[in-house]
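Undergrad: Output the structure for:
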Amino acid sequence: MVEAHNGQMALDQVVSKPVSYFDLILLDIGMPYMDGNECCRKIIEFVLSEIRKFLETRKKLKLRDTKFDSRLNLKV
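TA: As a prediction, this is how the structure comes out:
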């Protein structure tokens, strides 16, 4: 269990851990400094960017493993 006293602390906790670390995040709408709604939006943006990075890396590895390059050799 991780506790944060304001929205910025909650966001910092989420960003500092692996994406799969938290199963559930409870946020108070009236948290000081950054409210729960804004914190939730930023957490979602962070998670989506991490997923995009993972998928891009996976795509690059798949292309590398197939030994794909930009040349096309055709015998005429």
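Undergrad: For the residue nearest to Phe22 when sequence neighbours are not counted, give me its contacts.
TA: Leaving out its chain neighbours, the residue that sits closest to Phe22 by CB to CB, 6 or more residues apart in numbering is Val14, at 6.6 Å. C-beta coordinates here come from the backbone N, C-alpha and C atoms, glycine included. Val14 makes contact with 22, 25, 43, 46 under the criterion CB atoms under 8 Å, 6 or more residues apart in numbering.
Undergrad: Can you tell me which of the residues you listed comes closest to His5?
TA: The closest of the contacts of Val14 to His5 turns out to be Ile25 (CB to CB; 14.9 Å).
Undergrad: what about Lys42, how many residues close to it?
TA: 17 (other CB atoms under 10 Å).
Undergrad: Could I get the average pLDDT for the helix or strand containing it?
TA: Lys42 belongs to helix 36-65 when elements are defined using DSSP states H and E. Summarised as a single mean, pLDDT over helix 36-65 is 87.
Undergrad: Fine by me, thanks again.
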